[in-house]
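In: mind folding the following:
(one chain, ligands or ions: 1)
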Amino acid sequence: MLTMSAQRLQDVTQRVFVAAGTPPDLATQMAEILVESNLVGHDSHGIIRIPAYIEQIRKGTLIPDARPEVVEETPGSALVDGRYAFGHIAAAFGTEVAIRKAKESKAAVVSIVRCNHIGRLGEWTSRAAAKDVVAIVVVGGFGGPGIAAPYGGAGRALSTNPISIGMPGGEMPDLLVDFATTAIAEGKVQVARAKGAPLPPGCLLDKDGNPSTNPEDLYAGGMLLPFGGHKGYGLAMVVELLGGALAPGERYNAEGRRGGAVIIAVDAATFHPLADYERAADYHLRRIKQVPPARGFSEVLLPGEPERRSKEERLRDGIPVPEATWNAIVAAARSVGLNLDN
Ligand SMILES: NC(=O)c1ccc[n+]([C@@H]2O[C@H](COP(=O)([O-])OP(=O)(O)OC[C@H]3O[C@@H](n4cnc5c(N)ncnc54)[C@H](O)[C@@H]3O)[C@@H](O)[C@H]2O)c1
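Out: Below you'll find the model as predicted:
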């Protein structure tokens, strides 16, 4: 395992994307966003993705110098054409539009079509919460076979259909809920597979619909299950319809590339002054934080706390980078004419 500073990883990421044809300002944004995922502890959505994005650029499905734009709007809504730019760049743009419109109109909804992978959804809801805007971000509606089964089903029909919700705190830190609606994210199945470790029960069915804990079964036609049985499944379906029906993907997206991201934003000061919102939010956040720990736990954490703690730690001690991840990044850099050894 290597350990690298955030600064070094941002520098490397920026240079690789510039070498692949990304304008420097967009490459800098991408570097900050990917390394932030590593800092907050979601390595599955950080620099490990660089080789896949370079491959998409090579195939022409990701256009590194494209910039998103608003193609339809009202005071409370905007349709953003991601133009198959980096999905992160489209999501950053869409989030900015949603925050601005929520401030002007109290609430706003933004749909991003022609959108590539937007990475860690919590990036976008955290940005909104930092500006005193409550935000819900989902990615779904791909409509293909996906990788997950509906509750009670034994066939692939859904993607991991993630959802993130950010709520501003006052003196207390912002609340950040951010996860896939499958019991386990696909990236974590890959990690278990690499280690030869079993998955926890309740995450996976094999291709014949039998419960399994063997990660190999997912890649032999198996399927992930929703978290929380019918409840997580219900949430996955909401994400599916937000991304697949509310969003006009069919009209805009290229063949085989349906679905997209939807951002719902509400000004925290909609019903009373911001100071009153913050006082009330802090009351609830403190109340929950003070609950004594159950057996086996040392404290109650608020959603978002694990990410904040990871960031503090990794800014101080560096970011662990598996050698295989680093070697893949070096190879991806070489493929676009950049030698990372110098
Ligand atoms: N772009 C995409 O298409 C896509 C698809 C799937 C997942 N993702 C991303 O993958 C990342 C990981 O997803 P995941 O499903 O593995 O998430 P996860 O299971 O790691 O859950 C993370 C969430 O749970 C909270 N949490 C964790 N431990 C907690 C505790 N003890 N007490 C209270 N809260 C706690 C975190 O603060 C965070 O809100 C997310 O950032 C998600 O957005 C993206």
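
In: neighbours around Glu104, how many?
Out: Neighbours of Glu104 under the rule other C-beta atoms under 10 Å: 11. All C-beta atoms are positioned from the backbone trio N, CA, C, and that covers glycine.

In: contacts only, for it.
Out: Pro75 (C-beta atoms under 8 Å, 6 or more residues apart in numbering).

In: tell me the pLDDT of it.
Out: Per-residue confidence at Glu104 stands at 98 (pLDDT).

In: and the helices in the stretch 201-342 of the chain?
Out: Counting by DSSP state H, counting those that start in this stretch, the stretch 201-342 of the chain has helices at residues 229-241, 249-252, 274-289, 305-317, 323-335.

In: worst average pLDDT in these?
Out: helix 249-252 - the lowest mean pLDDT of the helices of the stretch 201-342 of the chain, at a mean of 80.

In: do I have it right that Met1 meets Glu323?
Out: Yes: Met1 sits in contact with Glu323 when judged by C-beta atoms under 8 Å, with a separation of 7.1 Å.

In: go ahead and name everything in contact with the helix or strand bottoming out on mean pLDDT in the chain.
Out: When the helices and strands of the chain are scored by mean pLDDT, DSSP states H and E, helix 249-252 comes last with a mean of 80. Under the contact criterion C-beta under 8 Å, 6+ apart, helix 249-252 has outside partners 81, 113-114, 141, 243, 258-260.

In: tally up the residues packed near the residue lying closest to Leu241 once chain neighbours are set aside, please.
Out: Closest residue in space to Leu241, ignoring its immediate chain neighbours: Gly141 at 7.0 Å, by C-beta to C-beta, 6 or more residues apart in numbering. Applying other C-beta under 10 Å, we find 25 residues neighbouring Gly141.

In: return the residues in contact with Gly141.
Out: Gly141 touches 239-245, 247, 249, 258-260, counting by C-beta under 8 Å, 6+ apart.

In: and the stretch 201-342 of the chain, which residues reach the ligand?
Out: For the stretch 201-342 of the chain, the contact set with the ligand under C-beta under 6 Å from any ligand atom comprises 301, 303-304, 306-307.

In: His284: which of those is nearest?
Out: Nearest to His284 among these: Pro303, at 12.5 Å, using C-beta to C-beta.

In: against Arg279, how distant is the closest one?
Out: As for Pro303, its distance to Arg279 is 20 Å (criterion: C-beta to C-beta, to the nearest Å).

In: higher neighbour count, these two?
Out: Each of Pro303 and Arg279 has its neighbours counted (other C-beta under 10 Å); Pro303 has more, 18 against 13.

In: and Val177, which of the three is it?
Out: When classified by DSSP: H, G, I helix; E, B strand; the rest coil, Val177 comes out as strand.

In: burial measure for it, as a count.
Out: Neighbourhood size, Val177 [other C-beta under 10 Å]: 16.

In: do Ser212 as well
Out: Residues lying near Ser212 (other C-beta under 10 Å) number 21.

In: what's the answer for Cys115, then?
Out: As a measure of burial, Cys115 has 29 neighbours, counting by other C-beta under 10 Å.

In: leaving out chain neighbours, which residue sits closest to it?
Out: Gly82 (3.8 Å).

In: and that neighbour, how close does it get to the ligand?
Out: As judged by C-beta to the nearest ligand atom, to the nearest Å, Gly82 and the ligand stand 13 Å apart.

In: next: Glu69.
Out: Using C-beta to the nearest ligand atom, Glu69 is found at 21 Å from the ligand.

In: ok, Thr270 next?
Out: Distance from Thr270 to the ligand, counting by C-beta to the nearest ligand atom: 24 Å.

In: ok, back up a step: can you pull the contacts of the residue nearest to Cys115?
Out: Going by C-beta under 8 Å, 6+ apart, Gly82 touches 66, 68, 90, 94, 112-116, 260.

In: between those, which is nearest Val330?
Out: Asn116 (23.5 Å).

In: so the closest one, which of the three states?
Out: From three-state DSSP, the assignment for Asn116 is coil.

In: circling back: which among the contacts of Gly82 count as buried?
Out: 66, 68, 90, 94, 112-116, 260 (16 or more other C-beta atoms under 10 Å).

In: let me have the residues you listed in JSON lines, extended by pLDDT.
Out: JSON lines is the format used below for these (pLDDT from 0 to 100):
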{"residue": "Ala66", "pLDDT": "98"}
{"residue": "Pro68", "pLDDT": "98"}
{"residue": "Ala90", "pLDDT": "97"}
{"residue": "Gly94", "pLDDT": "98"}
{"residue": "Ile112", "pLDDT": "95"}
{"residue": "Val113", "pLDDT": "94"}
{"residue": "Arg114", "pLDDT": "92"}
{"residue": "Cys115", "pLDDT": "93"}
{"residue": "Asn116", "pLDDT": "93"}
{"residue": "Gly260", "pLDDT": "87"}
